[in-house]
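Q: The sequence and its predicted three-dimensional model are supplied below.
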Amino acid sequence: MGRVTIRVPGALREYVGGERSVVVDVPAGGAPSVAAVLDLLAGSHPGLERRIRDETGALREHVNVFVGADNVRDLDRLATVIPAGAELVVLPAVSGG
Amino acid sequence: MAKYLLAIGTRKGLFVATSEDRRSWTLERAPVGDGAIYAVGIDTRRATPRLLASSFSEHWGPSVAHSDDLGKSWQEPDHAPVRYPEWTGTALKRVWQLQPGPADQPDVVWAGAEPGALFKSEDGGLSFELVEGLWNHPQRARWEPGNGGLCLHTVLPHPTDPRRMTIAVSAAGVYQTVDGGQSWEPANTGIRADFLPGDEPEFGQCVHKVAMHPSAPDQMYAQNHGGVYRTDNGGKQWVSIADGLPADFGFPIVAHPHRAGSVYVFPLAGDFDRRPPEERARVYRTDDAGASWQALFAGLPQEGFHPAVLRDAMCTDGGDPAGVYFGTRGGAVFASPDEGESWQELATHLPDVLSVRAAALS
């Protein structure tokens, strides 16, 4: 069993009990995709996950997800593979609002 | 408990005003986030009315929250209260309407959603299910969104027959079911669609809002994108009742809570001048089902007034005499304790007002 840490922006911490991050347990072996980790997050923290993705599984337009320092929109989007030890960082985009 | 409550949904959050006499008001910002509140509902069937609020965050998307302490605290389920089933391949954009059902269906709440869909809750508004009969309507693929999006903004359950309901979508028009939502038929005969070529279409009208008085459910009123109408036969035929109004464009239309035949509108000059005629804030009321209209403006700004009033930004309470309320895109809210005969500014400098709902609390 591996673990992926997801950093939670301040605006969404009320949905994770005020925590700055949540940890998702991922199956051992192979590197999980961002989508796979968010699927697991939907099970453990649905109130957080539904603010990152809509119900079709699409990343919300004005939310950015980074693998380490890299925006997944510049990589393979939600199919981006998370290397061992890397964190997911969720941040609101400067657009929107 | 205060005697009167007004929930004010704005572009940036919800405000709740309470009053003992509808002349002196206390206004507080409700702790339900800073999203745009497209719809508010007050479910007065409960001992303590439940407030419902549809929020839309540009970042975090839509949700529906509820409050069982008159707006002091709010709760949301972890799961999305309104979500399209996976097989639709569609994501919820916004909820435009939150409508409690009739008194004999105490846990039923309806949600009108964008893109063009109706949802039903049987647990008081905590979770909703798609009404598939409307979603599967063969005409739905040809519905065109209005400027606000393909919003299902009007939900009028029949007060005594749970099989019947009237809904309206911009810009699809009015649709009705007589079999509990399994099948739906357009009900737009007589309503103009100036923005479409050819003869009057079966559907595609941009009906902005429909109102119904519970004691006379076959008599309904529609504020159209150009045109104000009444039907006396449950939607089979609509007739113009715009004569006597300064303009036939506008967004809200609101039924008096006690008198069938009394209806309120807030006219705008036209599609290409969406401001009050003559730059005056005037509500118009008919007391004879649209045969004549009376301008109501005592206490309202009568010069240099430009803001529009959006489709859900006018309402009445259940008081007697009825209180009437409207909020503007300029962030002001006006209240009348006497059926519209006199007005005062209840709030000013709010974000633009998207929705208001009021109740007389027992």
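A: Okay, I see it. Numbering: from 1, shown residues only, chains lettered A, B, ... in the order given.
Q: which parts of chain B sit against chain A?
A: B:57-61, B:63, B:76-80, B:83-84, B:86, B:89-92 (C-beta under 8 Å from any C-beta of the partner chain). Placement of C-beta: from N, CA and C, glycine included.
Q: Return the members of those residues classed as buried.
A: Among those, the ones that count as buried by 16 or more other C-beta atoms under 10 Å in any protein chain shown are B:57-61, B:63, B:76, B:80, B:83-84, B:90-92.
Q: so of the residues you listed, which ones are in strands?
A: Using DSSP state E, B:57, B:61, B:63 are the members of these that sit in strands.
Q: Spatially nearest residue to B:R140 (excluding sequence neighbours)?
A: Among residues not flanking B:R140 along the chain, B:G116 sits closest, at 6.3 Å (C-beta to C-beta, 6 or more residues apart in numbering or on different chains).
Q: measure that neighbour to B:E200 for me?
A: 21 Å (C-beta to C-beta, to the nearest Å).
Q: Out of those two, name the residue with the larger neighbour count.
A: Per other C-beta atoms under 10 Å in any protein chain shown, whichever of B:G116 and B:E200 has more neighbours is B:G116, with 23 against 13.
Q: right, and the more buried one touches B:G148 too?
A: No: using C-beta atoms under 8 Å, B:G116 is not in contact with B:G148; the gap is 11.9 Å.
Q: check whether the helix ranked longest in chain A contacts chain B.
A: Using DSSP state H, we find that the single longest helix of chain A is helix A:34-44. No: for a cut-off given as C-beta under 8 Å from any C-beta, helix A:34-44 has no contacts with chain B; the smallest distance is 9.4 Å.
Q: in the chain, which spans are helices?
A: Going with chain A. Assigned by DSSP H, chain A shows helices spanning A:34-44, A:46-49.
Q: Chain B, not that one
A: Under DSSP H, chain B gives helices at B:132-135.
Q: Identify the bridge partners of B:G270.
A: The partner list for B:G270 in beta bridges (DSSP bridges) reads B:D273.
Q: Wait, it touches B:F249, no?
A: Yes: B:G270 lies in contact with B:F249 (C-beta under 8 Å); the separation is 4.9 Å.
Q: More neighbours: those two, which one.
A: B:F249 (23 against 14).
Q: can I assume the more buried one is in contact with B:D194?
A: No: look at B:F249 against B:D194 with C-beta under 8 Å: they stay out of range, at 10.3 Å.
Q: joint contacts of these two?
A: Overlap of the contact sets of B:F249 and B:D194 (by C-beta atoms under 8 Å, 6 or more residues apart in numbering or on different chains) consists of B:225-226.
Q: how about the nearest residue to the most centrally placed residue in chain B, chain neighbours excluded?
A: Closest to where the C-alpha atoms of chain B average out (C-alpha atoms, centre = their mean) is B:D312, at 3.7 Å. Excluding its sequence neighbours, the residue lying closest to B:D312 (C-beta to C-beta, 6+ apart) is B:S355, at 4.1 Å.
Q: now swap in B:T26 and tell me
A: Closest residue to B:T26 apart from its sequence neighbours, by C-beta to C-beta, 6+ apart: B:T18 at 5.3 Å.
Q: ok, that neighbour - contacts?
A: Per C-beta under 8 Å, 6+ apart, neighbours of B:T18: B:2, B:4-6, B:25-26, B:70.
Q: One more pass at 10 Å, please.
A: B:1-6, B:25-28, B:70-71, B:361 (C-beta atoms under 10 Å, 6 or more residues apart in numbering or on different chains).
Q: Looking at these, state which has the most neighbours.
A: The most neighbours of any of the contacts of B:T18, using other C-beta under 10 Å, belong to B:L6, which has 28 neighbours.
Q: my guess is that residue contacts B:L350, does it?
A: No: counting by C-beta atoms under 10 Å, B:L6 sits too far from B:L350 to count as a contact (12.0 Å).
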